[in-house]
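In: Build me a model:
(2 chains)
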Number of protein chains: 2
Amino acid sequence: MPNLFEALPEDRSREDFADLLSRPGVRIERIVSYGQATPVDAPYDQPHDEWVLLLKGRAGLWIEGEGETVLGSGDHVLIPANRRHRVTWTDAHGPTVWLAVHFDASVKTRSP
Amino acid sequence: MPNLFEALPEDRSREDFADLLSRPGVRIERIVSYGQATPVDAPYDQPHDEWVLLLKGRAGLWIEGEGETVLGSGDHVLIPANRRHRVTWTDAHGPTVWLAVHFDASVKTRSP
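Out: As a prediction, this is how the structure comes out:
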């Protein structure tokens, strides 16, 4: 039985992105952060909606037009397509674990 | 900021199912159980894949051909389409909170 809080990456110097499942038009991803943030000059900006759920840890999330909010365990938010956004900070003292669901029409793969 | 662990239903006599988000072909649902189980003679059997993540509490899950397993926080499992399955028990002492992602091609709505 796979567990989202196990098999965390040993390398804490970078964020870890791992696909859990993908189906046509949707991809579920686990993200593990160790204090990282999105560079101010390189926000995410993607052409598909993304739903994010914070599972463990804490983080700041800035979304264009909505400002910055703090996310704790259980908080979830929809990031609309073509809306710039940045993770402004994540917990420096332990892993921050996210679930991201990308509603991406370009996802054609079927796995596992 | 909505939180999956807040606004839990006051009525503990039945399971609570709440759609969080739906897009063409996919629906994300929160399920809250208070000790309920699926009747032995009425397993779930649906024509689409379902991915389940247990967020809080504990539960037993039986899947046809795979047997019964115990799920704790962070455990996740793919339930293939047309595979009978049952929740055999859930924690009787507190809420069990699940996230279910239904890969259902019949979902046409777009919300919120």
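In: CA atoms for contacts and neighbours, from now on please.
Out: Will do.
In: show me the contacts for the nearest residue to A:Gln46 once chain neighbours are set aside.
Out: What sits nearest to A:Gln46 in space, not counting adjacent residues and going by CA to CA, 6 or more residues apart in numbering or on different chains, is A:Asn82, at 5.3 Å. Residues in contact with A:Asn82 (CA atoms under 8 Å, 6 or more residues apart in numbering or on different chains) are A:45-49.
In: Could you give the number of residues near A:Ser33?
Out: By the other CA atoms under 10 Å in any protein chain shown criterion, the neighbourhood of A:Ser33 contains 27 residues.
In: Spell out which parts of chain A neighbour chain B.
Out: Contact residues of chain A with respect to chain B, defined by CA under 8 Å from any CA of the partner chain, are listed as A:1-5, A:23, A:25-26, A:73-77, A:103.
In: Surely A:Met89 and A:Ala59 touch.
Out: In this structure residue A:89 is Trp, not Met. Yes. A:Trp89 sits in contact with A:Ala59 when judged by CA atoms under 8 Å, with a separation of 5.4 Å.
In: neighbour count winner among the two?
Out: Between A:Trp89 and A:Ala59, A:Ala59 has the larger neighbour count (other CA under 10 Å), namely 24 against 18.
In: Wait, that one touches A:Ala92, no?
Out: No. Counting by CA under 8 Å, no contact exists between A:Ala59 and A:Ala92, whose distance comes to 9.6 Å.
In: does the residue nearest to A:His102 when sequence neighbours are not counted have beta-bridge partners, and which?
Out: Taking CA to CA, 6+ apart as the measure, A:His102 lies nearest to A:Glu50, with 4.6 Å between them; neighbours along the chain are not counted. In this structure, A:Glu50 bridges to A:Ile79, A:His102 when assessed by DSSP bridges.
In: For chain A, give me the ranges with low pLDDT.
Out: For chain A, the stretches with pLDDT under 70 are A:109-112.
In: One more pass at 50, please.
Out: For chain A, residues meeting the criterion pLDDT under 50 lie at A:112.
In: Can you show me the strands along chain A?
Out: Secondary structure of chain A (DSSP state E): strands at A:16-23, A:26-33, A:49-56, A:59-63, A:67-71, A:76-79, A:85-90, A:96-103.
In: So what's the residue count around A:Asp104?
Out: The burial count for A:Asp104: 19, using other CA under 10 Å.
In: My error: substitute A:Leu71 in the last question.
Out: The number of residues packed around A:Leu71, counting by other CA under 10 Å, is 22.
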